[in-house]
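> Got a predicted model here, sequence first, then my questions.
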Amino acid sequence: MIYKEWPIFGGVSVYAAQAALATQFQGKYLQSHQALLSAPRLAQTGQVDDVLRRSGIDMSKLKNDLLNHRAAIDALLARNQAEALALKLRGTPGILVGRTIAPGITDLKGLQTAVGLARRNQ
């Protein structure tokens with residue numbers, strides 16, 4: 001499974017994606033990704049920071065990593081945007097199983113069904 005940050009709501013969404021990607025330098029990307037996805041609607045960057053702090057992210061390191069790796073993080077987000085547009089994704093989550101986009105899959109059973117279909121259609 002590959003996760004790709006694709007901030008589609010601008011502002012805070014972009015900051016949350018940048019922050020999540022920066023946490024990879026702490027070895028805590030999945031931890032931060034899950035914390036942010038589990039949080040209620042985040043309307044301010046301070047809320048993003050609070051969620052990350054509560055999930056065990058070293059915020060001083062995060063701020064340094066955001067600064068020191070900004071070009072690489074922004075390039076990755078731009079690449080993700082280009083890929084999403086090329087795949088004609090309409091929103092998140094966008095799940096690609098094999099060569100098929102499986103929009104709206106939210107549970108394990110749905111994902112297993114999509115994987116089974118993809119395997120049969122190879």
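Received, thanks. Numbers count the residues shown, from 1 in each chain.
> Now for Arg53, how many residues are close by?
Arg53 has 13 neighbouring residues, counting by other CB atoms under 10 Å. No exception for glycine: its C-beta is placed from N, CA and C like everyone else's.
> Isn't it up against Met59?
Yes: between Arg53 and Met59 there is a contact under CB atoms under 8 Å: 5.4 Å.
> Next, show the common contact partners of the two.
Counting by CB atoms under 8 Å, 6 or more residues apart in numbering, Arg53 and Met59 have no common neighbour.
> which helices and strands does the worst-scoring helix or strand of the chain on mean pLDDT pack with?
Sorting the helices and strands of the chain by mean pLDDT, DSSP states H and E puts strand 100-101 at the bottom, at a mean of 76. Contacts defined by 3 or more CB pairs under 8 Å, 6 or more residues apart in numbering; DSSP states H and E place strand 100-101 against helix 108-120.
> Can you give the distance of the helix it packs on from its chain's centre?
22 Å (CA atoms, centre = their mean, to the nearest Å).
> Buried residues, that helix. List them.
Neighbour counts over helix 108-120 (16 or more other CB atoms under 10 Å) mark Ala114 as buried.
> tell me which strands and helices the longest helix seen in the chain is in contact with?
Looking across the chain with DSSP state H, the single longest helix is helix 70-86. Contacts defined by 3+ CB pairs under 8 Å, 6+ apart place helix 70-86 against helix 11-22.
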